[in-house]
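>>> 3D model of this:
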Amino acid sequence: MAWAIGLGAFLVWGVLWLLEARWNSLPAYDRPSLTRSAAYSVWAGVLRKLLLGISLLGLAAVHWTAAAATATLLLIGWSVRRIQASAASQRRAMQKEFDRLRGENPDAPDTEILFQVVFARHARWGPDLVQQIVQENPTVEGAARMVVRMESQLRG
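Residues are numbered from 1 along each chain as shown. Just a heads-up that it's a prediction; the model follows:
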């Protein structure tokens with residue numbers, strides 16, 4: 001019986017995780033009104049963690065090594081996502097793309113290339129906002145810092 005509860009909790013957790021990812025991919029004004037409150041982040045996070053914990057406990061009741069392996073894989077996945085979303089990782093990726101575009105078009109001004117880099121990553125922000133980011137942060141490091149800050153604020 002514990003495995004059924006664990007499986008059900010894991011499926012509900014997965015659906016909530018997918019919904020959260022979908023809602024976070026939308027601009028803030030297009031998200032459901034429920035997700036715009038400050039309390040939503042708190043209770044939704046607690047609910048998702050509680051469901052994940054219940055599912056891992058249900059799995060541990062059946063097979064503890066499977067639960068440990070699942071928890072380890074989830075931790076590795078979470079760590080990879082955090083590393084990829086970090087400012088240093090974003091800066092390296094933007095610098096690499098900037099250097100590639102600089103090699104293709106050596107005569108273009110740095111701000112134009114930086115605009116292309118940021119706009120390619122975040123076209124949904126629109127050209128006006130990307131242009132403002134590039135004007136206020138004309139270096140790759142500065143633009144990367146601003147992009148990371150905006151991404152974290154939009155994620156909630």
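>>> C-alpha only now, for contacts and for neighbours.
OK.
>>> avg pLDDT for stretch 76-87?
If you average the pLDDT over stretch 76-87, you get 86.
>>> Go through it and flag the buried ones.
Ser86, Ala87 (16 or more other CA atoms under 10 Å).
>>> same deal with stretch 32-52?
Buried residues in stretch 32-52, counted by 16+ other CA under 10 Å: Thr35, Arg48, Leu51, Leu52.
>>> Same check on stretch 98-110?
Neighbour-count burial for stretch 98-110 flags Phe98, Leu101, Arg102, Asp110 (criterion: 16+ other CA under 10 Å).
>>> Can you list the neighbours in contact with the helix or strand containing Glu112?
Under the criterion of DSSP states H and E, Glu112 resides in helix 110-121. Helix 110-121 has contacts (CA atoms under 8 Å, 6 or more residues apart in numbering) with 94, 97-98, 101-102, 125-127, 130-131, 134-135, 138-140, 143.
>>> What subset of those is buried?
Using 16+ other CA under 10 Å, the buried ones in the contacts of helix 110-121 are Met94, Glu97, Phe98, Leu101, Arg102, Val130, Gln131, Val134, Pro138, Val140, Ala143.
>>> Which ones among the residues you listed lie within helices?
Mapping the buried ones among the contacts of helix 110-121 onto helices (DSSP state H) picks out Met94, Glu97, Phe98, Leu101, Arg102, Val130, Gln131, Val134, Val140, Ala143.
>>> Please name the nearest non-neighbouring residue to the fourth one.
This points to Leu101. Nearest non-adjacent residue to Leu101, counting by CA to CA, 6 or more residues apart in numbering: Ile113, 6.6 Å away.
>>> do the fifth one as well
Using CA to CA, 6+ apart and skipping residues adjacent in sequence, the residue nearest Arg102 is Ile113, 7.0 Å away.
>>> What distance do you get for the one you found to Val134?
10 Å (CA to CA, to the nearest Å).
>>> any chance you could map the helices in this protein?
Remark: helices assigned in the chain by DSSP H are 2-25, 38-62, 64-84, 87-104, 110-121, 127-136, 140-155.
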